[in-house]
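# all I have is the shape, not the residue letters:
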């Protein structure tokens with residue numbers, strides 16, 4: 001039986017703002033796999049099918065993949081299908097540490113697979129099995145961090161690293177780091193840092209002004225050429241993109257004028273905006289720019305499926321600009337006042353209901369693996385699941401060579 005799989009990924013960041021690993025979530029596109037297949041067996045079936053039909057590196061880009069393994073996945077040895085240098089095995093709290101599970105984990109440990117155990121391992125009756133863990137994961141929203149931190153200092157001496165999940169703000173990241181946590185998961189990296197909020201620096205103001213000029217409705221090729229030429233660092237980054245394998249031009253691009261003649265003004269606006277955002281994001285968490293570009297590609301592709309093909313390039317910018325508040329540590333509404341983009345795009349980015357907001361919400365649900373909510377937006381937009389799967393895959397494929405070139 002063939003099966004198509006939705007895969008979402010959550011970046012796990014270290015304090016240096018780099019992505020340490022991606023947690024992958026899997027969901028079958030098939031609503032009914034048969035009543036005889038129990039939930040845990042269904043999870044095993046979905047994972048095995050995803051291994052056969054998806055390139056893991058497409059989602060992880062050389063980082064480690066964190067995947068939850070339930071009892072069936074462990075008992076049936078699915079972890080051994082993965083190269084040990086690519087996989088970190090997470091044992092969710094729903095899995096009881098029975099003798100059989102402990103035996104499976106011991107075998108994996110001896111085979112040098114790395115294992116994440118959840119906070120249940122810190123219970124007195126389970127602590128004797130702590131030597132099985134390379135990482136322990138705790139939920140920021142469910143524990144008292146200070147008391148937890150006091151308790152795990154002894155474990156850190158034995159080389160165990162601690163991951164804190166459901167971190168919602170940059171301030172919470174700093175709190176968790178000061179208490180000794182090593183890695184951080186949550187949507188904090190897509191939010192403005194309110195503690196660090198201050199006037200936009202003169203350098204970033206210049207980039208914002210350039211972004212404004214580039215996206216003027218009446219901008220010409222000559223204008224774009226003049227704008228980009230004024231900043232040597234932007235020109236360098238742009239030529240690096242244009243001469244990457246993604247574009248695969250037969251000859252090297254050596255001038256802005258040449259680039260404009262090849263890609264056209266609409267594509268040029270998108271690409272120049274991306275270059276500027278990459279400069280704004282130099283001191284931000286690594287996952288932020290990747291998220292922005294995937295959202296942009298997904299929104300553009302969905303637009304073409306819902307009768308908005310003539311606005312697709314604007315929807316690309318909507319996805320790209322959705323992280324401007326996090327890049328500049330400012331309120332989104334204040335930033336958008338300065339940008340010459342359509343009112344309905346601004347409304348979507350500030351939360352007002354409408355078609356464009358629905359497209360944006362679909363992108364958010366797809367990237368976070370909130371499957372039930374994602375299906376609601378698929379229905380609302382009258383999309384076909386298989387179309388969205390192709391859109392997600394093509395958006396990631398389009399993003400990787402641009403961001404990682």
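Yep, it's here. Just so we're clear, the structure is a prediction, and the values are computed from it rather than from any experiment.
# pull the helix or strand with minimum mean pLDDT from the chain.
helix 39-53 (a mean of 55; mean pLDDT, DSSP states H and E).
# where exactly do the strands run in this structure?
All strands of the chain, identified by DSSP state E, fall at 5-14, 19-28, 64-68, 87-91, 114-118, 135-139, 161-165, 183-185.
# what's next to the last one, contact-wise?
Meaning strand 183-185. 10-15, 20-21, 23, 135, 161-167, 173, 176-177 (C-beta atoms under 8 Å, 6 or more residues apart in numbering). For the C-beta atoms, the positions are set from N, CA and C on the backbone; glycine is no exception.
# repeat the analysis, applying 6 Å as the threshold.
Contacts of strand 183-185 with the rest of the structure, by C-beta atoms under 6 Å, 6 or more residues apart in numbering, involve 12-14, 20, 163-165, 167, 173.
# could those residues go into JSON lines alongside distance to residue 230, neighbour count and pLDDT?
As requested, those are arranged in JSON lines below (distance: C-beta to C-beta, whole Å; neighbours: other C-beta atoms under 10 Å; pLDDT from 0 to 100):
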{"residue": "12", "distance to residue 230": "38", "neighbour count": "25", "pLDDT": "95"}
{"residue": "13", "distance to residue 230": "34", "neighbour count": "22", "pLDDT": "96"}
{"residue": "14", "distance to residue 230": "36", "neighbour count": "16", "pLDDT": "94"}
{"residue": "20", "distance to residue 230": "37", "neighbour count": "21", "pLDDT": "95"}
{"residue": "163", "distance to residue 230": "44", "neighbour count": "24", "pLDDT": "94"}
{"residue": "164", "distance to residue 230": "43", "neighbour count": "27", "pLDDT": "92"}
{"residue": "165", "distance to residue 230": "44", "neighbour count": "19", "pLDDT": "93"}
{"residue": "167", "distance to residue 230": "39", "neighbour count": "24", "pLDDT": "93"}
{"residue": "173", "distance to residue 230": "36", "neighbour count": "23", "pLDDT": "92"}
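# looking at these, which is nearest residue 388?
Closest to residue 388 out of those is residue 12 (25.3 Å), distances taken as C-beta to C-beta.
# can you give me the pLDDT of residue 188?
Residue 188 carries a pLDDT value of 90.
# that one touches residue 164, doesn't it?
No: applying C-beta atoms under 6 Å as the test, residue 188 and residue 164 come out as separate, 10.4 Å apart.
# out of the strands of the chain, nearest to residue 340?
Closest to residue 340 of the strands of the chain, according to C-beta to C-beta: strand 5-14, at 31.7 Å.
# just how off-centre is that closest one within its chain?
6 Å (C-alpha atoms, centre = their mean, to the nearest Å).
# next: stretch 358-370.
With C-alpha atoms, centre = their mean, you get 11 Å for stretch 358-370.
# let me see the domain layout of the protein.
If you go by automatic domain parsing, the domain ranges for the chain are 5-186, 202-403.
# in the stretch 151-300 of the chain, which spans are helices?
For the stretch 151-300 of the chain, the helices defined by DSSP state H, counting those that start in this stretch cover 170-178, 202-214, 221-229, 232-242, 256-280, 287-305.
# hmm, who's touching the longest one?
Where contact means C-beta under 6 Å, 6+ apart, the residues beyond helix 256-280 that reach it are 207, 210-211, 214, 221, 224-225, 228, 234, 237-238, 242, 253, 289, 313, 316, 320, 327.
# in it, what counts as buried?
256, 259-260, 263, 268-280 (16 or more other C-beta atoms under 10 Å).
# okay, and the beta partners of the nearest residue to residue 183 once chain neighbours are set aside?
In space, residue 183 comes closest to residue 163 once its chain neighbours are excluded; the distance is 4.4 Å by C-beta to C-beta, 6 or more residues apart in numbering. For residue 163, the beta-bridge partners are residue 137, residue 183 (DSSP bridges).
# show me what contacts residue 163?
Taking C-beta under 6 Å, 6+ apart, one finds 135, 137, 183 in contact with residue 163.
# let me see the contact set for the first one.
This points to residue 135. 116, 161, 163.
# could you measure from it over to residue 372?
From residue 135 across to residue 372, the span is 28 Å (C-beta to C-beta, to the nearest Å).
# follow-up on the earlier one: output the strands of the chain as a markdown table; include the columns distance to residue 399.
Putting the strands of the chain into a markdown table (distance: least, C-beta to C-beta, whole Å) gives the following:
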| stretch | distance to residue 399 |
| --- | --- |
| strand 5-14 | 12 |
| strand 19-28 | 13 |
| strand 64-68 | 17 |
| strand 87-91 | 23 |
| strand 114-118 | 27 |
| strand 135-139 | 27 |
| strand 161-165 | 25 |
| strand 183-185 | 21 |
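# and these: which comes nearest residue 284?
strand 5-14 (10.4 Å).
# parallel or antiparallel, list what pairs with that closest one.
Checking strand 5-14 against DSSP bridges gives partners strand 19-28 (antiparallel), strand 183-185 (antiparallel).
# and the angle from it to helix 170-178?
Following axes from the mean of the first three to the mean of the last three C-alpha atoms, to 10 degrees, one obtains 60 degrees for the angle between strand 5-14 and helix 170-178.
# now what about strand 5-14, what contacts it?
Residues from elsewhere that reach strand 5-14 (C-beta under 6 Å, 6+ apart): 19-27, 50, 59, 183-185, 285, 287, 369.
# switch to 8 Å and redo it
By C-beta under 8 Å, 6+ apart, the residues outside strand 5-14 that reach it are 19-29, 46, 49-50, 53-54, 59-60, 66, 163, 173, 182-185, 189, 285-287, 290-291, 366-369, 371, 374, 389, 392.
# take those residues and, keeping just the buried ones, write it as a ChimeraX select command.
To isolate the buried members of the contacts of strand 5-14 in ChimeraX, using 16+ other C-beta under 10 Å:
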select :19,20,21,22,23,24,25,26,27,28,46,49,50,54,59,60,66,163,173,182,183,184,185,189,285,286,287,290,291,366,367,368,369,371,374,389,392
